[in-house]
Structure formats: C-alpha cells, structure tokens
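Task: produce atomic coordinates for the following.
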Amino acid sequence: MSIHPSAVVALGAVVPGSCTVGPFCTIGPEVVLGENCTLISHVVLDGRTRIGARNIFHPFCAVGVAPQDLKYAGEPTQLEIGDDNTIRECVTISRGTAGGGGVTRIGSNCLLMTCVHIGHDSLVGSHCILANAATLAGHVIIEDYATVGAFCPVHQHCTVGQYAFIGGGTIVTQDVLPFSLTSGRRENKAFGINKIGLARRGFSPERLQLLQKAFRLLLAAKLNTSQALEKIKELPGEDAALLAAFLERSERGVIK
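Numbering: from 1, shown residues only. This is a model prediction of the structure:
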C-alpha cells in the first residue's frame, strides 16, 4: 500500500493495498475504497462513502461531504460511486439527505471536470461528462451518456435525459430531452438531436433518421406536446419509445 506520511487515514476506513494515497489526503472512518484507486493529493473523502475500483481523485476535491441543506441534522446518509471515474480538481460531491432518499449516487466511467458540484440526493448515470463548473442542485437526475456543459446550473428535481448534450452556460430549470442538443442563455431551446454525439456513440443512420422524425414532430410540427407524444408512440424502435416514456414521466415539463 502506498500512503504518503502526511495523509490522514481514520481507523475504520477500508483502503486496499492496491490504492495510492498522496500527500495531505484525508479519509474518514466510514469510507470504503475499491481496488486501484488513486488520490493524487489534498483529497478529502468523508462520510459513509462507498467507492468502486480504479477511480482517480485530483487535488482539492471533497467527496462524501455533508449536504448543503439546512434541514440536514447529521443523519447517516451516504454516497455511492462506481468504477473508472475521473474526478478533477475542486469537485464537491455531497452525500444524501434523509428526506431525499438518503443516497447520492454516481455510476461508472464518468468525467467530472474542475469545480463541478453534485448536490445531495442527485443520481448521475454512467459514461456522463460534467464540464467545468457544472453544478447540480439537490435531487437532480443525469441519465447515462449525457453531457452537461461548462457553467451550467441544473435546478432541483430536473432530469437530463440519455445522450443529451447541454451547451455551456445554459441555466436548466426544466427536464432536458434525451438525445437532444439543448442550449440557451436568456431562452433555452432544444435544437434537435445531438447528431454528432449520437454518431460517435455508434447510432446507425437509420436510428438517427427515426430520431430526427420524432424530434420534428415534437419541435417543428404544429402540434402541442400531448399531440406530438401520440404521434411519437406510433414510431418504431426503442429510441422513440424511450423518448415517449421520458415525456410521459416528466414532472417539470421539458425544454422544447
């Protein structure tokens, strides 16, 4: 095991021998690390935090810290992190609250860039990218393969759908459609499908054509959302079905 002499590892913490803990890191007594994790330096891991394998923590990130919620009174809530994530400098991740389910959860293969904040009880899927200073308020859901651009605040209880791409500086106060390219400063707008990103993820031309048809019904046709939803349900394929299901369960409304 490689633990720098200046690091502080509390009694009770689980740190496998394959991990590297750099200078001035602090690991709390309820932290459980998976194999081959790296804490570069000045990393704080706190609270009831369960971390998978091969995660890399860069300097000055604070992970598993108490939620920024005035109602929090020290309840034994937790944070769960999957495998192969990169957590860059000054990232903050709060554990859950009793009133919000008790768990903040991050999947695997995510990149959290500098100064990202993930608020209490948020759920981040796998293969997600949160760019510099993207900030998630409490109870936010980021579905798999979504990208949140730099300096994007996401309002409480919003959901960002699978494969969505949010442009930098967008203030997100409603749900973001899956597969969409969404951006805006004064007025947010979905500009259609995230065509380049989807192609990079292996979507065939046929899948892209069907998604474009579904988005034309939703964004360009002279239909309200309910009417467009019924038309989208008639389209073949799992992508159209996923989009329809997202529209049906949205509670805050979607950015169109």
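
going forward, measure contacts and count neighbours with C-alpha atoms only.
OK.

where does the protein dip in pLDDT?
186 (pLDDT under 70).

at 90 instead, please
1, 184-189, 222 (pLDDT under 90).

Could you chop it up by domain?
Residue ranges for each domain of the chain read 2-142, 198-249, as given by automatic domain parsing.

need the ones you listed in CSV with mean neighbour count, can you?
Output for the domains of the chain, formatted as CSV (neighbours: other C-alpha atoms under 10 Å):
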stretch, mean neighbour count
domain 2-142, 21
domain 198-249, 16
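
any chance of those in a markdown table, plus distance to residue 163?
Formatted as a markdown table, the domains of the chain follow (distance: least, C-alpha to C-alpha, whole Å):
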| stretch | distance to residue 163 |
| --- | --- |
| domain 2-142 | 9 |
| domain 198-249 | 7 |
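
out of those domains, which comes closest to residue 255?
domain 198-249 (9.9 Å; C-alpha to C-alpha).

what's near enough to touch the residue nearest to residue 9 when sequence neighbours are not counted?
The spatial neighbour of residue 9 that comes closest, neighbours along the chain excluded (C-alpha to C-alpha, 6 or more residues apart in numbering), is residue 27 at 4.8 Å. Applying C-alpha atoms under 8 Å, 6 or more residues apart in numbering to residue 27 gives the contacts 8, 9, 10, 13, 44, 45, 46.

do residue 140 as well
Residues counted as contacts of residue 140 (C-alpha under 8 Å, 6+ apart) are 119, 121, 122, 123, 154, 155, 156, 157, 158, 159.

JSON lines for those residues, including secondary structure?
Below are these laid out as JSON lines (DSSP: H, G, I helix; E, B strand; the rest coil):
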{"residue": "119", "secondary structure": "coil"}
{"residue": "121", "secondary structure": "coil"}
{"residue": "122", "secondary structure": "coil"}
{"residue": "123", "secondary structure": "strand"}
{"residue": "154", "secondary structure": "strand"}
{"residue": "155", "secondary structure": "coil"}
{"residue": "156", "secondary structure": "coil"}
{"residue": "157", "secondary structure": "coil"}
{"residue": "158", "secondary structure": "coil"}
{"residue": "159", "secondary structure": "strand"}
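
Return the member of those residues nearest to residue 102.
residue 121 (6.5 Å).

The closest one against residue 99, yeah?
No. Taking contacts as C-alpha atoms under 8 Å, residue 121 lies outside contact range of residue 99: 9.1 Å.

And what about the closest residue to residue 223 other than its chain neighbours, helix, strand or coil?
Nearest residue to residue 223, sequence neighbours excluded (C-alpha to C-alpha, 6+ apart): residue 217, at 7.3 Å. Secondary structure, three-state DSSP: residue 217 is helix.

can you pull the contacts of residue 217?
Taking C-alpha under 8 Å, 6+ apart, one finds 223, 228, 231, 232 in contact with residue 217.

go on, residue 125?
106, 107, 108, 141, 142, 143, 144, 145.

Tabulate the residues you listed (CSV), appending secondary structure.
Listed next are the contacts of residue 125 as CSV, based on three-state DSSP:
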residue, secondary structure
106, strand
107, coil
108, coil
141, strand
142, strand
143, coil
144, coil
145, coil
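
what about the residue nearest to residue 223, distance to residue 231?
According to C-alpha to C-alpha, to the nearest Å, residue 217 stands 7 Å off from residue 231.

repeat for residue 114
Distance of residue 114 to residue 231, given as C-alpha to C-alpha: 42 Å.

My read is that residue 149 contacts residue 134, right?
Yes. Counting by C-alpha under 8 Å, residue 149 touches residue 134, with 6.5 Å between them.

rewinding a little: okay, the contacts of residue 27 in CSV with secondary structure next?
Shown next, in CSV, are these (three-state DSSP):
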residue, secondary structure
8, strand
9, strand
10, coil
13, coil
44, strand
45, strand
46, coil
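
Need the max-distance pair from those.
13 and 44, at 12.7 Å, using C-alpha to C-alpha across the contacts of residue 27.
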